[in-house]
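**Q** mind looking at a prediction? Sequence and model below.
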Amino acid sequence: MNLEANKNEDAMKMAWAGIRQKLEKIYEGGGKKSAEKQKEKNKMVARERIAYLCDEGKPFIEIGAFAGYEMYKEQGGCPAGGTVAGIGYISGRQCIIVANDQTVKAGAWFPITGKKNLRLQEIAMENHLPIIYIVDSAGVYLPMQDEIFPDKENFGRIFRNNARMSAMGITQIAVVTGACVAGGAYLPIMSDETIMVEGAGSIFLAGPYLVKAAVGEDIDADTLGGAVTHTEISGIADYKFKTEQECFDKVKSIMSKLGEPAHAGFNRTQPKMPALNNSELFTIMSENNSKPYDMLQLINCIADADSFDEFKADYGKTIVCGYARVDGWAVGIVANQRLIVKNKKGEMQMGGVIYNDSADKAARFIMNCNQKKIPLVFLQDVTGFMVGSRSEHAGIIKDGAKLVNAVANSVVPKITIIIGNSYGAGNYAMCGKAYDPRFIFAWPTAKIAVMGGEQAAKTMLQIQVAGMKAKGKEVSTEEEKEILTNITANYTLQTKPEYAAARLWVDAIINPADTRLVISEGIKAANQNTQMEEFKMGVFQV
């Protein structure tokens, strides 16, 4: 390994170590004291519950670990959005698991909690995956009820999804390990089967205090809505057990009896290891992504050996397209090329920018993949579309719209990995969050923004200084520098992958070494939904 590769490897490992350090803090949930209180009640914490449920030795891909990161400082924070969730295996069956974290504000629902739960339900619906809810929540976080209660993408949408998933034949199982209050009481009851822990689980529309205030009745929580009440009197719950472990064993038993899932028929052969070692992924990109690199090298670290078949290799070189296999799965790869390349006229083109010819090529390739029912993998490192009079006169907007049209109307599963830059309309054209990727992940080096930090800061500086001068205020060079420094710092913060993951613009920030794994698991999930729409492109400029 040469000196440059060593430097790149050190920088990437440092970037991942920084993310990992923040994750370790997030994994503590509401803190050690809160976890100890759970133990005193003979209760496991959310991550222990998931670990007990999941098959040993099988992958668990956590979704939304950074949800709410640094978003609710005045409220004391909301690590992982107050829930732990992801894709795992129970009794050999791939499924979604969502567990309330009682150590975080007694499992109360913040706005981001609702958004995260809806995202997990969306994944379950898009991929026809069974979903397990582990319920232990005090309900809506009342000081922020106006942001979580009434809107379309708020708390109530979860119960609407319960009903829709049931109609779609998607298995839903709820394990009630603690409180399940008010509107939240509908979630387990709208699931297929409900399992309760005796002496700990409770379900009611109004708790003892509210019952006393409303109707003057004195009653304890267990008598009002405990496991005995709901399995022997109301008939609302289906099973009760004395321990959480017994409840989870019942889930395993139920899951072991599910019928075999249908398959969409995405092609898979015997997997081969990539031509390049997985560890070489760390050596390709320079610190701060400041130098060109060859995307083909990165693809050869992810794709099965000798499987990549490049499409139109000599045309539209700032986007690489090609058929490949990842862990045996047939995929179509659309990736931004960061090398300085020559077009067919011998002219130099800047890597990371989408030109007319590359947009045209990528749109055609995406249509081909839809025709052949091949899932798409987007590897994003894009600074946007080429600007300037030459590109405008050549119809860059038309060609860009053609690519966006193809991405938007694509019906095969799309998996997006944001490796580096994800700027402006390039984010859209390369299947950003707004274009419904089945899964979207980011490397620690990802940057998501409307434009690059330097350009954005200078643009905002010009606007701010012009506004100050319009009011008759003179602005010195030193003041301009200070304003630029503040703008740059704030903008840079907003481009970080942690900022995006906190708001669920991406499902997770991943270790680059896990890229192949998350693609394979994503296609395996997508293969369980057989209901694919007909591919139609609609009207676009030609």
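**A** Done, it's in. What you are looking at is a predicted structure, and each value in this text was computed from that prediction instead of being measured.
**Q** residue boundaries of the strands in the stretch 251-400 of the chain?
**A** With strands called from DSSP state E, counting those that start in this stretch, the stretch 251-400 of the chain shows them at 309-311, 319-326, 329-336, 341-342, 348-349, 353-354, 376-382, 384-385.
**Q** would you reformat those as a markdown table and include mean neighbour count and distance to Ile483?
**A** C-beta: built from backbone N, CA, C; applies to glycine. Listed next are the strands of the stretch 251-400 of the chain as a markdown table, based on neighbours: other CB atoms under 10 Å; distance: least, CB to CB, whole Å:
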| stretch | mean neighbour count | distance to Ile483 |
| --- | --- | --- |
| strand 309-311 | 16 | 47 |
| strand 319-326 | 24 | 37 |
| strand 329-336 | 25 | 32 |
| strand 341-342 | 14 | 37 |
| strand 348-349 | 13 | 35 |
| strand 353-354 | 24 | 29 |
| strand 376-382 | 27 | 29 |
| strand 384-385 | 22 | 25 |
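**Q** show me the helices in the stretch 301-450 of the chain, by range?
**A** The residue ranges that make up the helices of the stretch 301-450 of the chain, judged by DSSP state H, counting those that start in this stretch, are 356-372, 389-393, 396-409, 424-429.
**Q** these: which one's closest to Val45?
**A** helix 424-429 (36.2 Å; CB to CB).
**Q** pLDDT score assigned to the residue sitting furthest away from the middle of the chain?
**A** Of all residues in the chain, Gly472 has its C-alpha farthest from the mean position, at 47.5 Å, by CA atoms, centre = their mean. Listed pLDDT for Gly472 reads 81.
**Q** just to be sure, it is in a strand?
**A** No: assignment of Gly472 by DSSP: H, G, I helix; E, B strand; the rest coil gives coil, placing it outside any strand.
**Q** lowest average confidence across the helices of the stretch 301-450 of the chain, which one?
**A** helix 389-393 (a mean of 87).
**Q** send over it as CSV, restricted to the C-alpha atoms.
**A** What follows is the C-alpha trace of helix 389-393 in CSV, where atoms were taken according to Å, rounded to 0.1, in the frame of the first residue of the first chain:
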residue,chain,number,x,y,z
SER,A,389,-24.0,28.9,-21.0
ARG,A,390,-22.6,26.0,-22.9
SER,A,391,-24.5,23.4,-20.8
GLU,A,392,-27.7,25.5,-20.7
HIS,A,393,-27.6,25.9,-24.5
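**Q** show me which residues of it are buried.
**A** Neighbour-count burial for helix 389-393 flags Ser391 (criterion: 16 or more other CB atoms under 10 Å).
**Q** list the contacts of that helix.
**A** The set of residues that contact helix 389-393 without belonging to it, under CB atoms under 8 Å, 6 or more residues apart in numbering, is Tyr355, Asn356, Phe385.
**Q** go on, stretch 482-498?
**A** Here stretch 482-498 makes contact (CB under 8 Å, 6+ apart) with 19, 22, 66, 69-70, 418, 442-449, 453-454, 456-458, 460-461, 464-465, 475, 499, 506, 509.
**Q** so which bits of that stretch are buried?
**A** Of all the residues in stretch 482-498, those buried under the rule 16+ other CB under 10 Å are Ile483, Leu484, Ile487, Thr488, Tyr491, Thr492, Thr495, Lys496, Pro497, Glu498.
**Q** reformat these as a markdown table; add pLDDT.
**A** What follows is these, written out as a markdown table (pLDDT from 0 to 100):
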| residue | pLDDT |
| --- | --- |
| Ile483 | 76 |
| Leu484 | 79 |
| Ile487 | 78 |
| Thr488 | 77 |
| Tyr491 | 76 |
| Thr492 | 81 |
| Thr495 | 91 |
| Lys496 | 94 |
| Pro497 | 96 |
| Glu498 | 97 |
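**Q** pick the one among those residues closest to Asn427.
**A** Minimum separation from Asn427 among the buried residues of stretch 482-498 (CB to CB) is found for Thr495, which lies at 11.5 Å.
**Q** if I look at the closest one, how far off is Tyr27?
**A** As judged by CB to CB, to the nearest Å, Thr495 and Tyr27 stand 25 Å apart.
**Q** would you put the C-alpha positions of the longest helix along the chain in CSV?
**A** The helix spanning the most residues in the chain, taking DSSP state H as the definition, is helix 3-26. This file holds the C-alpha atoms of helix 3-26, laid out as CSV (Å, rounded to 0.1, in the frame of the first residue of the first chain):
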residue,chain,number,x,y,z
LEU,A,3,1.7,6.5,1.2
GLU,A,4,-1.4,8.1,-0.3
ALA,A,5,-3.5,5.0,0.3
ASN,A,6,-2.3,4.9,3.9
LYS,A,7,-3.3,8.5,4.5
ASN,A,8,-6.7,7.8,3.0
GLU,A,9,-7.2,4.7,5.1
ASP,A,10,-6.3,6.6,8.3
ALA,A,11,-8.7,9.4,7.5
MET,A,12,-11.6,7.1,6.7
LYS,A,13,-11.0,5.0,9.8
MET,A,14,-10.9,8.2,11.9
ALA,A,15,-14.2,9.4,10.4
TRP,A,16,-15.8,6.0,11.2
ALA,A,17,-14.3,6.0,14.7
GLY,A,18,-15.9,9.4,15.3
ILE,A,19,-19.3,8.1,14.2
ARG,A,20,-18.8,4.9,16.3
GLN,A,21,-18.0,7.0,19.4
LYS,A,22,-21.2,8.9,19.0
LEU,A,23,-23.2,5.7,18.5
GLU,A,24,-21.8,4.2,21.7
LYS,A,25,-23.2,7.2,23.6
ILE,A,26,-26.5,6.8,21.8
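**Q** pull out the buried residues from that helix.
**A** Buried-residue list, helix 3-26, by 16+ other CB under 10 Å: Asn8, Glu9, Ala11, Met12, Ala15, Trp16, Ile19, Lys22, Leu23, Ile26.
**Q** could you dump these to a markdown table with pLDDT?
**A** Converted to a markdown table, those look like this (pLDDT from 0 to 100):
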| residue | pLDDT |
| --- | --- |
| Asn8 | 95 |
| Glu9 | 95 |
| Ala11 | 96 |
| Met12 | 97 |
| Ala15 | 97 |
| Trp16 | 97 |
| Ile19 | 98 |
| Lys22 | 98 |
| Leu23 | 98 |
| Ile26 | 97 |
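**Q** hmm, back to that, may I see the ChimeraX selection of the buried members of the contacts of stretch 482-498?
**A** This is the ChimeraX syntax for the buried subset of those, where burial follows 16+ other CB under 10 Å:
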select :19,22,66,69,418,442,443,444,445,446,447,448,449,453,456,457,460,461,464,465,499,506,509
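**Q** so which of the contacts of stretch 482-498 belong to strands?
**A** Applying DSSP state E to these, the entries found in strands are Ile418, Ala442, Lys447, Ile448, Ala449, Ile509.
**Q** and the least confident of those residues?
**A** For the ones in strands among the contacts of stretch 482-498, the least confidently modelled position is Ala449, at 88, judged by pLDDT.
**Q** which strand residues bridge that residue?
**A** Note on Ala449: beta-bridge partners by DSSP bridges are Tyr423.
**Q** what's near enough to touch it?
**A** By CB under 8 Å, 6+ apart, the contact list for Ala449 reads Ser422, Tyr423, Gly424, Ala456, Tyr491, Gln494, Thr495.
**Q** can you redo those residues as TSV with distance to Lys242?
**A** As requested, these are arranged in TSV below (distance: CB to CB, whole Å):
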residue	distance to Lys242
Ser422	50
Tyr423	55
Gly424	57
Ala456	58
Tyr491	55
Gln494	49
Thr495	51
